[in-house]
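>>> Sequence and predicted structure, then a few things I'm wondering about:
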Amino acid sequence: MKRTESQSIGDILRLALQENCMHSRLDECKAVEIWGAVIGEYIASQCRRPYVREGVMTVGVPNAPLRQELSMNRSRLRAAINREIGRETITEIRFTS
């Protein structure tokens, strides 16, 4: 087999991600990873690990006053996460007990 055109690994991976529609799931995983950086490590340690399903991030917060404070700032948190990712990935943030 003779090569006629070479491609970088990055280009091949980008093409595979586009063909399999995996960008949204990868962005959701990235949102979970950057949660601590956006909210602050101390507050993140007071919360359970978030998970994202279909654009909705759910975070368990056992402390009622902290849950209320985070709920009041959910739009700012959502905007900060989406800004870090570079796309409108998170549509809603829910805080549960």
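Sure thing, it's come through. Computed from a predicted structure; not experimentally measured.

>>> make it CA atoms for all contacts and neighbour counts henceforth
Fine.

>>> Next, Thr96: phi, psi?
Reported as degrees, to the nearest 10, the phi and psi values for Thr96 are phi -120, psi 160.

>>> Is it correct that it is in contact with Ala64?
No - using C-alpha atoms under 8 Å, Thr96 makes no contact with Ala64, being 9.4 Å away.

>>> of those two, who's got more company?
Taking other C-alpha atoms under 10 Å, Thr96 and Ala64 do not tie; Thr96 has more neighbours (15 against 12).

>>> list the contacts for the closest residue to the more buried one other than its chain neighbours?
Excluding its sequence neighbours, the residue lying closest to Thr96 (C-alpha to C-alpha, 6 or more residues apart in numbering) is Gly60, at 4.7 Å. Contacts here follow C-alpha atoms under 8 Å, 6 or more residues apart in numbering; on that basis Gly60 touches Cys47, Arg48, Arg49, Pro50, Phe95, Thr96, Ser97.

>>> Centre of the chain to the helix or strand that contains Ile93, how far?
Using DSSP states H and E, Ile93 sits within strand 92-96. With C-alpha atoms, centre = their mean, to the nearest Å as the basis, strand 92-96 stands 13 Å off its chain's centre.

>>> Remind me what that strand packs against, helices and strands.
Contacts defined by 3 or more C-alpha pairs under 8 Å, 6 or more residues apart in numbering; DSSP states H and E place strand 92-96 against strand 56-60, helix 64-72, helix 74-85.

>>> at 7 Å what do you get?
Packed against strand 92-96 by the contact rule (3 or more C-alpha pairs under 7 Å, 6 or more residues apart in numbering; DSSP states H and E) you find strand 56-60, helix 74-85.

>>> Noted, bye for now.
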